[in-house]
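Peer 1: pasted the sequence and its predicted model underneath.
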Amino acid sequence: MKAGIVGANGYSGIELIRLLMNHPLVELEMLISHSTQGSEIQQLYPHLTGFLDRRLEDFDADELARRTDVVFFATPAGVSKDLLPECLKRGLICIDLSGDFRLKDPAAYEKWYQQSSADTALLNDAVYGLSEINRRQIAGARLIANPGCYPTASLLGLAPAVKDGAIDLGSIIIDGKSGVSGSGKSMVPGNLYCEVNENVKAYKLGTHKHTPEIEQAVAAMSGKNESITFTTHLIPMTRGLMCTIYATLAKGYSTKEFLEMYERFYDKSPFVRIRPLGSWPSTKEVAGSNFCDIGLNVDGRSRRLTIVSVIDNVVKGAAGQAIQNLNIIKGWDEQTGLALAPIYP
Ligand SMILES: NC(=O)C1=CN([C@@H]2O[C@H](COP(=O)(O)OP(=O)(O)OC[C@H]3O[C@@H](n4cnc5c(N)ncnc54)[C@H](OP(=O)(O)O)[C@@H]3O)[C@@H](O)[C@H]2O)C=CC1
Ligand SMILES: CC(=O)N[C@@H](CCC(=O)OP(=O)(O)O)C(=O)O
């Protein structure tokens, strides 16, 4: 199968290249960028020297349809809602890493993204690509809305407890922390070395666009609409994302009972690893891999569950999950091209 990447020279695009180069059933055919067409990818990114001999090209839906079968959109919000329908119309499988097709309600997109939404019919057709939760809908789909990085870690951490009814949904608090690559490679003063190094800062309190995405998915799992509290922090590292999630218990389970429930829930999900009693994950333990590692603790005194969920934001939070979704769409083994151990130390 031949693939194209729109936004190939951004952080998620480059990660798609690294992973797809090792995928036995996919061949990289077209790399598309916005401002660097004509350049050799190896010149822009010397770490790819000797691996991939391709020039960046301009977006052309006819050319994509002629040369590829699947297109990944690794573009900023607001780009794929216009370009992707042209590819879909031409019969291509489209996997969008941006938020353009994630929210079913166009008014919610307009409120949280501060721009006009994608076509409503396509929003309805789009399948939310949280691989472990929506496998049945993803299989055979043509349009995947790949989840955001914070929602991936949060929702994989919450899903078993939410589906069991074991926590009070109105009590959920998510404390998220991300490395700087989560914000992409564009020049932003807040991402300068002197601003980020030896610093931790909270950002977008009450306005983060992943808030409605997490709420929508929790509602889909539970049948109930509840507001969550979600706070994000930028931390001085390149890759890695941790969500520490707090919720009040609705059932009196112990940590051991929660761990057994999570183990059962993710029994057939090779990319979700549950930590044993008394052990919690760190971002380094998933770096460069498609794993989501989860640790749990019940605080009997406050009757609260704490969930610690970590991913590599550019792999499981973006490019890796996008490829996992392609594997599911095609009925291939989910781990094809993704069976990579994390980089350590
Ligand atoms: N970074 C992460 O950890 C995650 C990112 N995402 C999402 O994935 C998407 C990409 O993110 P990221 O890789 O970080 O972003 P970057 O800013 O690093 O890269 C964006 C890419 O999009 C290209 N681009 C911009 N506008 C257009 C356009 N009109 N047509 C074609 N290409 C265009 C840019 O090309 P050029 O440089 O030539 O202008 C660049 O290659 C975003 O929507 C992001 O929110 C999702 C989960 C995690
Ligand atoms: C560190 C950092 O800035 N992270 C970004 C994550 C954006 C992202 O991946 O989100 P979408 O795919 O939904 O656009 C943020 O918090 O906005």
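Peer 2: Everything's here; your move. Ligands and ions are numbered 1, 2, ... in the order given.
Peer 1: going forward, measure contacts and count neighbours with C-alpha atoms only.
Peer 2: Fine.
Peer 1: residue ranges for the helices of the stretch 101-250 of the chain, please.
Peer 2: Along the stretch 101-250 of the chain, counting by DSSP state H, counting those that start in this stretch, helices occupy 106-113, 120-125, 135-138, 149-164, 193-196, 210-222.
Peer 1: relative to ligand 2, which of these is closest?
Peer 2: helix 149-164 (5.1 Å; C-alpha to the nearest ligand atom).
Peer 1: so which elements touch that closest one?
Peer 2: If you count contacts as 3 or more C-alpha pairs under 8 Å, 6 or more residues apart in numbering; DSSP states H and E, helix 149-164 packs onto helix 210-222, strand 241-248, helix 255-265, strand 292-299, strand 304-311.
Peer 1: and the helices of the stretch 101-250 of the chain, which is most packed in?
Peer 2: Highest mean neighbour count among the helices of the stretch 101-250 of the chain (mean count of other C-alpha atoms under 10 Å): helix 149-164, with a mean of 23.
Peer 1: can you tell if it touches ligand 2?
Peer 2: Yes: judged by C-alpha under 6 Å from any ligand atom, helix 149-164 and ligand 2 are in contact via Cys149.
Peer 1: for the remainder of this discussion, apply numbering that starts at 23.
Peer 2: In the new count, where the first residue is 23, that last one comes out as helix 171-186.
Peer 1: how about the CA coordinates for that helix, as CSV?
Peer 2: Backbone C-alpha positions of helix 171-186 (Å, rounded to 0.1, in the frame of the first residue of the first chain) are rendered in CSV as follows:
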residue,chain,number,x,y,z
CYS,A,171,-2.1,13.6,22.7
TYR,A,172,-3.6,14.6,26.0
PRO,A,173,-7.0,12.8,25.2
THR,A,174,-5.1,9.6,24.3
ALA,A,175,-3.4,9.4,27.6
SER,A,176,-6.4,10.6,29.6
LEU,A,177,-9.0,8.4,27.9
LEU,A,178,-6.9,5.2,28.0
GLY,A,179,-6.4,5.9,31.7
LEU,A,180,-10.1,6.5,32.3
ALA,A,181,-11.8,4.0,30.0
PRO,A,182,-12.0,0.9,32.2
ALA,A,183,-13.2,2.8,35.3
VAL,A,184,-15.7,4.9,33.3
LYS,A,185,-17.2,1.9,31.5
ASP,A,186,-17.5,0.0,34.8
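Peer 1: show the average pLDDT along that helix.
Peer 2: Averaging pLDDT along helix 171-186 yields 98.
Peer 1: same question for stretch 136-149.
Peer 2: Mean predicted confidence for stretch 136-149 is 98.
Peer 1: can you check stretch 313-332 too?
Peer 2: Here stretch 313-332 scores 98 as its mean pLDDT.
Peer 1: for it, measure first residue to last.
Peer 2: One end of stretch 313-332 sits 8 Å from the other (C-alpha to C-alpha, to the nearest Å).
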